Each structure stands twice: as C-alpha cells, then as structure tokens.
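Undergrad: Structure here, sequence nowhere to be found:
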C-alpha cells in the first residue's frame, strides 16, 4: 500500500507539500498541486481519513436531513446527485429520513452535530418554506428544494416561474391560442410560480388571460386532472391545448380526453410538469413535460456546501449574503404536443 512518502518521492516534492495538497491549502502552486494529484492517482494512494481529519479539523462528512425524499421515487434523485458529488469530493453523506416529523428532525440535527459533521443539507420533497431546527446553523448549512422566509440560509430550488413560462410558450410556438391550465389550490411556490409563468407567456403573445380557461382543483392528483380537463373541454369555445400543474393531473387529462373521444395531440395537446417516473414517458402518447432538476439540485447543493465549509475554516472575511439559487426546469418534448 502506497504511503504519503511514496507520493512525495514520485511527485518530486516533500511529504509536507503532499500533506498541504491533501488539506486543500490554496497557497500550493497549481503546477505542484497537479504533480501531486497525478502521483496520488498513479499510486492509487488513499489517505488516512482519521489522521487527515485531526490535521484539518474536518471529518469529511455531510449530514443530509430529509422529510420524505428517501421514500419518494422521483425526488430521490436529489440524494443521488448529492451523494455522487460528495463522493467525488471525498465526503461521506450521512442520510436521515425523518418522515416529516419535526421532533425527529431536531433529533437528527442534534445527532449529526454530535458526530461533528462538517455541514448539513436540509431537503424537502417539494418546494416550500421550512423552519429547520435553530441549532442547524452551528455548522454550514444548505437548503435543497426549500427555503426559510428571511432567506438567511442558502438554498437551491427549481425556477417554477420560468418552468410555467416555458411550458406555455412551447404550446404557443406550436400555434395554440387557447391554452387551458389545470392547477391545484395548495398555494405552495410551485402553484404560484407556474401560474405566473403561464400568464407571462400569454401576455408576451398578446393573448389576454382568460379565467374561463383555468381550472383550480383541490388536489394535484389524477382524478382532479380528469375532472378539470373534462370541464374545460366541454365549454363553448374549448382550449386546443392544456398545461397541467403536474404529470399526475396530466394523466387524468388523458383519461378525460379518451372519455370524450378526443385525440392527443391532434385535437388537444398536453404539457405536464415534473417528468415523473412511471408516468410521463409511459403514457400513450408520451407526455411532453417540464423536468424538475432534482439531481442537479442535489449536486449543486453539495458543491456550494463544500465551498461554505472551506470558507468557514479558512476565510476570516465577512460572509457574503446567502445565495438563493434557481435552477432551470428543462422541457422534455414527447408526442403529446
């Protein structure tokens, strides 16, 4: 097994220089750093994490506190993105799934702090305001798919407004003038942002917002989509396209169209939101939808948290305002439009 002295010998530097590279000392010249990293890779050197932690005062562990993400198929990609990015940076992710229980969240944060994690990620199943335990601020913290009201903690969330805008614009570019919108009434950021984006796209095409083409439903489930679509498609001047708040509502809209003997997309085009596994791609025809950037949020969140961890240890200057990052929701075009 290779040692730090073997790495130093191959790189042509002192073992102290290798140690400085391993401890991410920014004073090491880039050329020297590159030689050391090449030697580490050649020798397949694995540093002693315990010794390294004692020297750097870091444990190279990140706590990940979630509500229902670990048991939610499509949102679990947040964990995948976070874990892969952490691993690439030689950090271990310690996951705690709380099931949304506030007492368990407090216990999780207390336990992670006792384990001396370098930082904590606090993530939710859907984009919303949260109230994390106060002592989470004892270490660098990153919020994923959620935010605090005063924006005093950094966060990364989907750009709901732009997603609603791009979904509607896609239908407008296909030549549709009367676009119905099926929405829930939860009042969360997704509801507010996607509706605002829908209205903005219509306005840019000089199409007045028509309340008769919007259907607000209690829950964002398939049954609501069925009821809403059937209602809009039977008005005197029905829409030629539907933008659905999520893919489950779009699935209900498919059923409504079949019951009315309408064809997708020849009679009515449909766009969903979420790109949810086992729904969007498996519908017939395949559902055009906006993908939530779960993997990207996990990856970006870990990247930013590691930066904060380094700043907390190395940088004595005043901290910058916590970043509130919006990530794009890409359009996944399939046969429904």
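TA: Sure thing, it's come through. Computed from a prediction, not measured in an experiment: that's the story for all the values here. Numbers count the residues shown, from 1 in each chain.
Undergrad: And stretch 23-34, end to end?
TA: Start-to-end span of stretch 23-34 (Cα to Cα, to the nearest Å) is 14 Å.
Undergrad: Around residue 282, how many other residues sit close by?
TA: When neighbours are counted by other Cβ atoms under 10 Å, residue 282 registers 11. Glycine gets a C-beta too; all of them are placed from N, C-alpha and C.
Undergrad: Any figure for the gap between it and residue 30?
TA: 49 Å (Cβ to Cβ, to the nearest Å).
Undergrad: Could you do residue 120 as well?
TA: Applying Cβ to Cβ, the value for residue 120 to residue 30 is 31 Å.
Undergrad: Which one of the two is surrounded by more residues?
TA: residue 120 (27 against 7).
Undergrad: A strand includes residue 276, no?
TA: No - under DSSP: H, G, I helix; E, B strand; the rest coil, residue 276 sits outside any strand and is assigned coil.
Undergrad: Nearest residue to it in space, ignoring adjacent ones along the chain?
TA: Counting by Cβ to Cβ, 6 or more residues apart in numbering, residue 276 lies nearest to residue 247, which is 4.3 Å off, once chain neighbours are set aside.
Undergrad: That neighbour: what's it in contact with?
TA: Contacts for residue 247 were tallied using Cβ atoms under 8 Å, 6 or more residues apart in numbering; they are 272-276, 279-280, 287, 289.
Undergrad: ok, 7 Å please
TA: By Cβ atoms under 7 Å, 6 or more residues apart in numbering, the contact set of residue 247 is 272-274, 276, 279-280, 287, 289.
Undergrad: Okay, and which of those map to strands?
TA: Cross-referencing these against strands under DSSP state E gives 272-274, 289.
Undergrad: got any ranges where the stretch 1-150 of the chain has weak pLDDT?
TA: In the predicted model, the stretch 1-150 of the chain carries pLDDT under 70 at residues 1, 47-57, 69-75.
Undergrad: Please enumerate the strands of it.
TA: In the stretch 1-150 of the chain, strands defined by DSSP state E, counting those that start in this stretch lie at 61-66, 92-97, 119-129, 141-147, listed in chain order.
Undergrad: Specify the angle between the last one and strand 119-129 in degrees.
TA: If you take axes from the mean of the first three to the mean of the last three Cα atoms, to 10 degrees, strand 141-147 sits at 10 degrees to strand 119-129.
Undergrad: Parallel or antiparallel, list what pairs with strand 141-147.
TA: Each strand paired with strand 141-147, and its direction, by DSSP bridges: strand 119-129 (parallel), strand 155-158 (parallel).
Undergrad: so which of these comes closest to residue 258?
TA: With Cβ to Cβ as the criterion, residue 258 lies closest to strand 119-129 of these, at 28.8 Å.
Undergrad: Name the residues of the closest one that are buried.
TA: Judged by neighbour count using 16 or more other Cβ atoms under 10 Å, the buried positions of strand 119-129 are 119-128.
Undergrad: sorry, back to before: can you put the ones in strands among the contacts of residue 247 in TSV and add distance to residue 155 and pLDDT?
TA: Converted to TSV, these look like this (distance: Cβ to Cβ, whole Å; pLDDT from 0 to 100):
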residue	distance to residue 155	pLDDT
272	25	97
273	20	97
274	20	93
289	24	97
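Undergrad: Save those residues as CSV, and put in distance to residue 229 and neighbour count too.
TA: Formatted as CSV, the ones in strands among the contacts of residue 247 follow (distance: Cβ to Cβ, whole Å; neighbours: other Cβ atoms under 10 Å):
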residue, distance to residue 229, neighbour count
272, 12, 31
273, 15, 28
274, 17, 28
289, 15, 31
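Undergrad: out of those, who's nearest residue 143?
TA: Set against residue 143, the nearest of the ones in strands among the contacts of residue 247 by Cβ to Cβ is residue 274 (20.2 Å).
Undergrad: What separation is there between that closest one and residue 109?
TA: Residue 274 sits 29 Å away from residue 109, going by Cβ to Cβ.
Undergrad: go on, residue 227?
TA: Distance of residue 227 to residue 109, given as Cβ to Cβ: 41 Å.
Undergrad: do residue 219 as well
TA: The gap separating residue 219 from residue 109 is 31 Å, by Cβ to Cβ.
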